[in-house]
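# quick one: sequence and predicted model below, then my questions.
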Amino acid sequence: MSTSDKDPATPWRNFYGRIKGQSLNARQEQDLEDLLPSVRLPNVTREENPDRTLLDIEALRDGNPVWLEVGFGSGEHLAHQAKANPDVLFIGCEIYINGVAALLGKIRREGISNIVIHAGDARDLFDVLPANSLDKMFLLYPDPWPKARHHRRRFVTPEHLDPLAEKLKPGKEFRVATDIEDYVRQTLEEVPRAGFTLTEQPDDLGKAWDDWFSTRYEQKALREGRTPHYMTFIRN
């Protein structure tokens with residue numbers, strides 16, 4: 001099928017970045033086979049839901065808030081938040097299969113029951129989330145795409161921020177953490193354009209949130225002399 005023949009409701013999208021890294025061990029392979037189907041968020045992919053029918057988020061939430069973390073890495077922060085907030089439903093979105101396997105191990109070992117996973121592109125998830133369905137969102141140490149010609153691939157661009165703004169309820173938080181100075185610059189420029197207000201003063205971006213759980217990536221950044229920045233935006 002040519003691009004011109006595709007259903008406009010299911011647009012073709014390029015994805016940049018790794019989907020799988022080093023080989024998984026036997027336990028991780030087993031978690032992907034046995035555990036992922038039970039915690040996977042259904043009807044998100046274009047193959048399952050070509051008409052892009054919206055998810056029944058009210059049935060999914062069962063009266064609880066819904067928090068989303070995009071690009072959860074190995075899942076340390078997501079697992080921490082889920083254990084600390086048992087009355088919140090967490091959606092974890094991560095296309096890197098090694099990270100998905102790492103989170104599944106935490107879910108299994110720690111008995112976490114309030115996480116569902118979309119192991120795929122966040123844009124596909126935004127397609128099927130209803131408007132005003134999210135109560136909080138996290139973007140923590142996203143891929144920095146350091147080369148200038150690749151900045152358009154960053155998450156903090158209209159392609160991602162505009163649908164995010166539609167899905168997050170007014171008055172709710174969008175948290176961003178990064179150790180890349182130019183990513184801070186672009187975040188402070190682009191996120192307000194999408195309809196958000198920064199809550200901190202620019203000089204206060206080095207203070208972590210009270211409920212923050214430092215990830216392995218952040219610890220590596222600190223060892224290598226990079227400075228974390230923590231930005232909280234409120235949906236207008």
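Nice, thanks for sending it over.

# mind listing what the residue nearest the centre of the chain touches?
For the chain, residue 70 is the residue whose C-alpha lies nearest the centre (C-alpha atoms, centre = their mean; 0.4 Å). With contacts defined as C-beta atoms under 8 Å, 6 or more residues apart in numbering, residue 70 is in contact with 93, 94, 122, 137, 138, 139, 142, 155. All C-beta atoms are positioned from the backbone trio N, CA, C, and that covers glycine.

# cool, and residue 92?
Taking C-beta under 8 Å, 6+ apart as the criterion, residue 92 is in contact with 68, 69, 72, 75, 78, 103, 115, 116, 117, 118.

# and the residues you listed as TSV, adding distance to residue 30, pLDDT and secondary structure?
Listed next are the contacts of residue 92 as TSV, based on distance: C-beta to C-beta, whole Å; pLDDT from 0 to 100; DSSP: H, G, I helix; E, B strand; the rest coil:
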residue	distance to residue 30	pLDDT	secondary structure
68	27	98	strand
69	24	98	strand
72	20	96	coil
75	17	97	coil
78	21	98	helix
103	15	97	helix
115	18	98	strand
116	20	98	strand
117	16	98	strand
118	21	97	strand
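
# need the buried ones from these selected in ChimeraX.
In ChimeraX, a selection of the buried entries from the contacts of residue 92 looks like this (16 or more other C-beta atoms under 10 Å):
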select :68,69,72,75,78,103,115,116,117,118
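
# this protein: helices as residue ranges?
Secondary structure of the chain, counting by DSSP state H: helices at 26-34, 36-39, 57-61, 76-84, 97-110, 122-128, 158-167, 181-193, 216-223.

# so what's the residue count around the residue nearest to residue 119 when sequence neighbours are not counted?
Distances taken as C-beta to C-beta, 6 or more residues apart in numbering place residue 100 nearest to residue 119, at 4.7 Å, with adjacent residues excluded. Look at residue 100: counted by other C-beta atoms under 10 Å, it has 28 neighbours.

# quick one: buried residues of stretch 138-150?
Within stretch 138-150, the residues that qualify as buried by neighbour count (16+ other C-beta under 10 Å) are 138, 139, 140, 141, 142, 143, 144, 145.
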